[in-house]
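In: One predicted model, sequence on top.
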Number of protein chains: 4
Amino acid sequence: MAGSRRPGRNFLFVPGPTNIPDRVQRAMIVPSEDHRSSAFPELTLPLFEETKKIFKSREGQIFLFPATGTGAWEAALTNTLSPGDRVLASRYGQFSTLWIDLARRVGLDVEVQEEEWGTGANPERIEEALRADREHRIKAVLVVHNETTTGVTSDIGAVRKAIDAANHPAMLYVDGVSSIGSIDFRAEEWRVDCAITGSQKGLMLPAGLGLVCVSKRALEASKTAECRRVYFDFADQAKANATGYFPYTPALPMLYGLREALRCVEDEGLENVFARHRRLADGTRAAVQAWGLTLCAKEPKWHSDTVSAVMVPEGINGAEVIDIAYRRYNLALGAGLSQVAGKLFRIGHIGDLNELMLLGALAGVEMAMQDAGIRIQPGSGVAAATEHFRSTREG
Amino acid sequence: MAGSRRPGRNFLFVPGPTNIPDRVQRAMIVPSEDHRSSAFPELTLPLFEETKKIFKSREGQIFLFPATGTGAWEAALTNTLSPGDRVLASRYGQFSTLWIDLARRVGLDVEVQEEEWGTGANPERIEEALRADREHRIKAVLVVHNETTTGVTSDIGAVRKAIDAANHPAMLYVDGVSSIGSIDFRAEEWRVDCAITGSQKGLMLPAGLGLVCVSKRALEASKTAECRRVYFDFADQAKANATGYFPYTPALPMLYGLREALRCVEDEGLENVFARHRRLADGTRAAVQAWGLTLCAKEPKWHSDTVSAVMVPEGINGAEVIDIAYRRYNLALGAGLSQVAGKLFRIGHIGDLNELMLLGALAGVEMAMQDAGIRIQPGSGVAAATEHFRSTREG
Amino acid sequence: MAGSRRPGRNFLFVPGPTNIPDRVQRAMIVPSEDHRSSAFPELTLPLFEETKKIFKSREGQIFLFPATGTGAWEAALTNTLSPGDRVLASRYGQFSTLWIDLARRVGLDVEVQEEEWGTGANPERIEEALRADREHRIKAVLVVHNETTTGVTSDIGAVRKAIDAANHPAMLYVDGVSSIGSIDFRAEEWRVDCAITGSQKGLMLPAGLGLVCVSKRALEASKTAECRRVYFDFADQAKANATGYFPYTPALPMLYGLREALRCVEDEGLENVFARHRRLADGTRAAVQAWGLTLCAKEPKWHSDTVSAVMVPEGINGAEVIDIAYRRYNLALGAGLSQVAGKLFRIGHIGDLNELMLLGALAGVEMAMQDAGIRIQPGSGVAAATEHFRSTREG
Amino acid sequence: MAGSRRPGRNFLFVPGPTNIPDRVQRAMIVPSEDHRSSAFPELTLPLFEETKKIFKSREGQIFLFPATGTGAWEAALTNTLSPGDRVLASRYGQFSTLWIDLARRVGLDVEVQEEEWGTGANPERIEEALRADREHRIKAVLVVHNETTTGVTSDIGAVRKAIDAANHPAMLYVDGVSSIGSIDFRAEEWRVDCAITGSQKGLMLPAGLGLVCVSKRALEASKTAECRRVYFDFADQAKANATGYFPYTPALPMLYGLREALRCVEDEGLENVFARHRRLADGTRAAVQAWGLTLCAKEPKWHSDTVSAVMVPEGINGAEVIDIAYRRYNLALGAGLSQVAGKLFRIGHIGDLNELMLLGALAGVEMAMQDAGIRIQPGSGVAAATEHFRSTREG
């Protein structure tokens, strides 16, 4: 939006930040207020409770940091672990790489399991590594639920089973930044000790809020964890949060926005939100198939319902598709990162979207691909997606 | 938006009201202020000047009524004519019908020229009627520039020539509600005496402002015109407007919104705005052809660049397409009115739109048509439109 | 707000437009939508019902015109009367003068009762005039409830009694523009046939909505009334409104804003709203007394709870006080109009106000008066008002 | 704003968060956008430059963290210092205490200089301590410019001179959270190595942005500093910022808001902003004197222009004044914290304020004080402030 006039709306199909619903946008237009007032907890106390639902947690404790998902990553690790602690982490994309890098920089000893990009966390290898760790030096297992680099969703329930099967006491930390609120996530059923997300994805808000849902066990661990933290300290937050306050000035519009975003999810129904994401993702995948292209995700079991990474044919630069889409058609797509740079483009289908928005984007992808020299049957992807939508409508 | 949660954006493809650009939406969020303050004319005086540009007028006088286009219709007639005055009006749709009805109800004697729906004003017949009027009893010729009922644009330049050819002193009044700001309109070149529009079409604002651009000749006529008017009186407005004020409290957000909407048009370039509407209309027409359907407009010369009325096949109720589009796909289409009720549906392609928004809507139209039993090749319309867009891109 | 930066908020103490509460401001930020959609009546049908409460009417019919109070004046008269009909109207300020002027211009025969400015409608004289009208040529009695020119509120209940006492069939039309929603108004109890207001006063919205609450009797009269009207026609509205629609495009943001404004009133309680206006008015009057000045209103019984017109001492120009207040202190006061021009300034205390806002304004009035050469004891008015507020607090 | 309807505006007179100007509020209403787009740097690159002006820095580097002032404190220390490094810090209020606490928790060795609350940093003692530190173990001097607990502003120029006089290489870190943008601050002239602020004070935004302006010397130090940081890492930011991007998703509305807030400051003129704060503070101090009360600040040289801490008489609980002000008069005042709890209340006069807003607040303070049993002459404070404003007006 910076700069000169482009008519109509931008089609934002990156895997976050996502579109902000009008009613959430409105809810954020609030005057400043005294966050120490006696009325303030009327806003905050229910908010902590309501936020848990999105994590499918009842017992967990919610922390709301004026930060981003990166801050929430840091909060999870530094509050519950000590320098030198070993953690086990799978790497299969840019975001798992960044989290591993962060873990190392806060002083942890990270044992990395490399997985092929286009696949995800491998429960069998995790179980194996944990079984091999007889001394229980591994304190936590780190998994990125939805790796947006490649459009891959890992099976967290299976990871939980692997940990249990190994009979290992390691805690389970999950990055759900691009899944929570969009793809089914069960913090309690899967006994996730730290579930992490940011406001700008499934929660349909601007960036600016880093959320962590923390298990009782992880909270207990925070009492002795020695990594240094102040801004991101759980204890400071917990103490103030208990009566509805914060240790430092909260980002008010984000709190009011979060309240309204949660109401949006409640109005639609969380399971309906998941089903909608699945439906839009299936439509996208039908389009990709109709174009004769393939996804980066190696098998259907890895398919992400929030982002599809589409491989471009040999000789084509994925970055050019993205560039044309943005400049000519006002369509924002996600780029290929790191080892897949240039080899793919990504269609984010996450957040406040419906069929027609997606179909407009798919039409834009078709034009951009053709402009960039990819041969496809014009209209084929849109047709396949509409066929999917029409054939699967209920009621 | 009333009611429960529908994810994503509504696709608003009625021929008005149109989408409000974000920056215009923002500009309208203003606190109340004293409209008698010494600072107020800083807003209003330039606004009267800037508004003229959208009419392509330099000499005209702009009136901004807190009303709608209907009010502007009434203002134009009552300020410049007297009860019993004869006017000549062409009828070829619901809006020309309504204006004629209004003219009669304010006391005018309307001579109606019936034209087939799907065509527009006939300059030859107008010339003929004026030539026949030797006593110059006809005081004004009324033409609807763009009849949204049928998606027909009339040739106002030709009407002007017809009046001149007849050497008749009748004034020329044009309803440009769904054309001004979207389709080329030349108030000065065509010597339009009253050019009428509303805020919720090409001006990309909510309804609530009725605009009239009045020629010196019509202003002169207003001095002796005897139709009763108070709220819509030109003289009261003109007197107050001269120093930047209004005779009664103006609708402030609309004025601030108008200022920003005009800046949007200026930033894009008025001719570019027209070209964009043409381009989107051509894309729509390519889709209609690919579907094997026809427009209500009888010939290309009647094609409207702001709305396409698509005839449905025999045995299909156009209203059902519209109903399905709205309920299933969150797509708002225009209905068939009066004698074309049920026989067509209308795609408005006016205002703050771009290619992908239209393509999403066309995909929605395809789905709704198929759901309603119309056989088309899935994706064919979208493909035809994308082909048009791709083949006509510059730069 | 036009123009350069002035820090902090403008203190808007004209008797309308009034401050828009944040939540009403937010509610008005709506995307355009199809006002012919099947969902639209969910907004409008309850709105017609809710609006009646503010008039204290159950039987009346509400008309919502995209216009201002002036338009509502015109609607009331033209829908229910015929050219040449006689009406009786009291004149005691600029707004009663304007309404009388409008009545004449739409063709009515107005019998004017002049009252001293600073007083209001005189029920005894009205009764007298009606008794004298043995042929019942007077079709309606027109009264401005709250004359903002002078800060005078008339007793509508007494006017009703006068009409009844004269046993005269004249209808009763009341301008409640600056009273309804702020000062007790009882359309049903007083059997007001047309009660008129605008959106920008007690309803705390921008200007742009003219409201009329019409009795069954007046509706019946509209069937035969011959004054010309189209835009303001009751029948067109009533027909469309019956199913939740409008005869022409409504001003959407105003409808959403009205819904929220009515909720504000409901949340506070209508009687509490009246009490708050009384309280703020009493505080203002205490300040005026402490300054040693007098009101334009001749006696306490005329005191308006929405505006106080303060007489300036001989040799002082009220306009200068207003000018200084605006330029130096960012305080907007109302000017003296017509025969009281220069002799007074007006403090509007209407709408979304509280004690501290008023006290800030009174402090500003003190400074501006002193700057203009009026000798007062600094702080005296503020002190008197605070004393009033403190001594009358409940709970 | 949480909860039920309170008419009119809240008077927010805590020393932050401060009122958000309408135009800044509007500027923050932005759709989500791709922060990796080629257009994005058009927003950000000028923003980094413009932000420097508020610090009066040309050479410094600006860091904009999606965080609060607390995060900026942490960023400044962890990026430039190593665990065990000694820093010298003065303590004279709650915020200096909290910063010292944070410094210790990130692993620094803090030498604390206790100053009486109501006074500030003592340049002589600082010079003394630095002279005593022959081995130059002290790496940095930490000073809170404006201690809001007590309403005390310290003389940073004098602290700089003290460091120079001691000929000591310690860096100078200044918390300017409640001064920068409101009280003259000269990062470059005073050679401040890390100048820290938050968005919710002089910058008139919501909380959510932590800003640090860093000298070349401190940047150099960051290359070897060993305190752990990732989220708050300067190098990650600097690398991405260089081309207009961020290492993780930025809080977009805050960036757009910051741009507009800086334009507000530019439109008013930074020196005029300072003068306005001085003027409002002087008015407040005149009121306090008229009430017969004293400030917590021991001498005029400590007077803060952004907050006045008013001592309550013996036997009165300051918290009760605050509670009454909030509940009865919708006025938010700051509480006494820690060792001054109950002994004072604080009037914040910072941000987007003008005379009348302050006068309304002072009237509210008068009422609340009287309600709480403090004897004052009603209106006396308001009168004294208005006298100050009137007598010092220019032009």
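Out: Received the coordinates, thanks.
In: how about A:Asp109, what does it touch?
Out: A:Gly84, A:Asp85, A:Arg86, A:Val87 (Cβ atoms under 8 Å, 6 or more residues apart in numbering or on different chains). No exception for glycine: its C-beta is placed from N, CA and C like everyone else's.
In: Need phi/psi at it.
Out: Torsion angles at A:Asp109 (phi, psi; degrees, to the nearest 10) stand at phi -100, psi 110.
In: Grab the nearest non-local neighbour of A:Arg229.
Out: Counting by Cβ to Cβ, 6 or more residues apart in numbering or on different chains, A:Thr78 is the residue found nearest to A:Arg229 once chain neighbours are left out, at 4.1 Å.
In: Which of the helices or strands spans that neighbour?
Out: Here A:Thr78 sits within helix A:69-80, counting by DSSP states H and E.
In: so how far is that helix off the chain centroid?
Out: A distance of 15 Å separates the centroid of the chain from that of helix A:69-80, by Cα atoms, centre = their mean, to the nearest Å.
In: which helices and strands does that helix pack with?
Out: For helix A:69-80, the contact count by 3 or more Cβ pairs under 8 Å, 6 or more residues apart in numbering or on different chains; DSSP states H and E identifies strand A:61-65, helix A:94-105, strand A:171-175, strand A:194-198, strand A:210-214, helix A:216-222 as packing neighbours.
In: Let's check: the centremost residue of chain A is which one?
Out: For chain A, the residue nearest the mean C-alpha position is A:Ser178 (1.4 Å; Cα atoms, centre = their mean).
In: residues in contact with that residue?
Out: Residues touching A:Ser178, when contacts are defined by Cβ under 8 Å, 6+ apart, comprise A:Pro15, A:Gly16, A:His145, A:Asn146, A:Thr148, A:Lys201, A:Gly202, A:Ser304, A:Thr306, A:Val307, A:Ile350.
In: was I right about the residue nearest to A:Arg229 contacting A:Val230?
Out: No - shown here, A:Thr78 and A:Val230 do not form a contact pair, counting by Cβ atoms under 8 Å, at 9.7 Å.
In: Among those two, which residue is more densely surrounded?
Out: Neighbours of A:Thr78 and A:Val230, each counted by other Cβ atoms under 10 Å in any protein chain shown, are more numerous for A:Thr78; the result is 29 against 21.
In: What is the next helix-or-strand element following the helix holding A:Thr78 packed up against?
Out: Under the assignment DSSP H and E, the closest C-terminal helix or strand after helix A:69-80 is strand A:86-91. The contact analysis (3+ Cβ pairs under 8 Å, 6+ apart) places strand A:86-91 against helix A:94-105, strand A:109-114, helix A:123-132, strand A:138-144.
In: about what we covered before: the residue nearest to A:Arg229: what's it in contact with?
Out: For A:Thr78, the set of contacting residues under the criterion of Cβ under 8 Å, 6+ apart consists of A:Val106, A:Ala225, A:Cys227, A:Arg228, A:Arg229, A:Phe232.
In: Could you look up the SS state of the third one?
Out: Recorded secondary structure, A:Cys227: coil (DSSP: H, G, I helix; E, B strand; the rest coil).
In: what about whichever residue of chain A sits closest to chain C, neighbour count?
Out: The nearest approach of chain A to chain C comes at A:Arg26, 4.7 Å away (Cβ to the nearest Cβ). Neighbours of A:Arg26 under the rule other Cβ under 10 Å: 21.
In: now swap in A:Asp164 and tell me
Out: Applying other Cβ under 10 Å, we find 12 residues neighbouring A:Asp164.
In: Tell me the pLDDT of it.
Out: In this prediction, A:Asp164 carries a pLDDT score of 98.
In: buried set for the longest helix along chain A?
Out: In chain A, taking DSSP state H as the definition, the longest helix is helix A:270-290. Of the residues in helix A:270-290, A:270, A:273-274, A:276-288, A:290 count as buried by neighbour count, 16 or more other Cβ atoms under 10 Å in any protein chain shown.
In: Stretch A:207-223 now?
Out: Judged by neighbour count using 16+ other Cβ under 10 Å, the buried positions of stretch A:207-223 are A:207-215, A:217-219, A:221-222.
In: cool, stretch A:143-158 as well?
Out: The neighbour-count check on stretch A:143-158 (16+ other Cβ under 10 Å) flags A:143-156, A:158 as buried.
In: Could you pull out the strands in the stretch 251-395 of chain A for me?
Out: With DSSP state E, counting those that start in this stretch as the definition, the stretch 251-395 of chain A shows strands at residue ranges A:307-311, A:331-335, A:344-348.
In: near chain D, anything from the first one?
Out: Translated: strand A:307-311. No - Strand A:307-311 lies out of reach of chain D by Cβ under 8 Å from any Cβ of the partner chain, never closer than 13.5 Å.
In: That strand: how far from the chain's middle?
Out: Computed by Cα atoms, centre = their mean, the chain-centroid distance of strand A:307-311 equals 16 Å.
In: Can you lay out the helices and strands packed on helix A:69-80 as a markdown table showing distance to C:Glu260?
Out: As requested, these are exported to a markdown table (distance: least, Cβ to Cβ, whole Å):
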| stretch | distance to C:Glu260 |
| --- | --- |
| strand A:61-65 | 28 |
| helix A:94-105 | 42 |
| strand A:171-175 | 40 |
| strand A:194-198 | 31 |
| strand A:210-214 | 30 |
| helix A:216-222 | 41 |
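In: and D:Pro123, which of these is closest to it?
Out: Between D:Pro123 and these, the shortest gap by Cβ to Cβ is with strand A:61-65, which sits at 36.9 Å.
In: now the closest one and helix A:69-80, what's the angle there?
Out: 130 degrees (axes from the mean of the first three to the mean of the last three Cα atoms, to 10 degrees).
In: how close does A:Ile324 get to B:Arg276?
Out: Distance of A:Ile324 to B:Arg276, given as Cβ to Cβ, to the nearest Å: 19 Å.
In: count of residues packed around whichever residue of the stretch 51-200 of chain A sits closest to chain B?
Out: Chain B sits closest to A:Ser182 of the stretch 51-200 of chain A, with a gap of 11.3 Å, by Cβ to the nearest Cβ. Neighbour count for A:Ser182, taken as other Cβ under 10 Å: 32.
In: What does it show for phi and psi?
Out: A:Ser182 adopts backbone torsions of phi -130, psi -40, taken as degrees, to the nearest 10.
In: Pretty sure it sits against A:His277.
Out: Yes - using Cβ under 8 Å, A:Ser182 and A:His277 qualify as a contacting pair, with a distance of 4.9 Å.
In: Mind listing the shared neighbours of these two?
Out: A:Asp305, A:Thr306, A:Ile350.
In: ok, A:Arg105 - contacts?
Out: Counting by Cβ under 8 Å, 6+ apart, A:Arg105 makes contact with D:Arg228, D:Arg229, D:Val230, D:Asp233.
In: can you redo those as TSV with pLDDT?
Out: Listed next are the contacts of A:Arg105 as TSV, based on pLDDT from 0 to 100:
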residue	pLDDT
D:Arg228	97
D:Arg229	97
D:Val230	98
D:Asp233	98
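In: what residues does chain A put near chain C?
Out: Taking Cβ under 8 Å from any Cβ, the part of chain A that reaches chain C is made up of A:Asp22, A:Gln25, A:Arg26, A:Ala27, A:Ile29, A:Val30, A:Pro31.
In: just to revisit the earlier point, how is the residue nearest to the centre of chain A assigned, secondary-structure-wise?
Out: Three-state secondary structure (criterion: three-state DSSP) places A:Ser178 in coil.
In: ditto for A:Thr150
Out: Remark: A:Thr150 carries the secondary structure label coil [criterion: three-state DSSP].
In: And it, how far from C:Gly69?
Out: Counting by Cβ to Cβ, the separation of A:Thr150 from C:Gly69 is 63 Å.
In: now swap in A:Ile196 and tell me
Out: A:Ile196 sits 56 Å away from C:Gly69 when distances are taken as Cβ to Cβ.
In: okay, the two: which has more neighbours?
Out: Neighbours were tallied for A:Ile196 and for C:Gly69 using other Cβ under 10 Å; the higher tally belongs to A:Ile196 (31 against 28).
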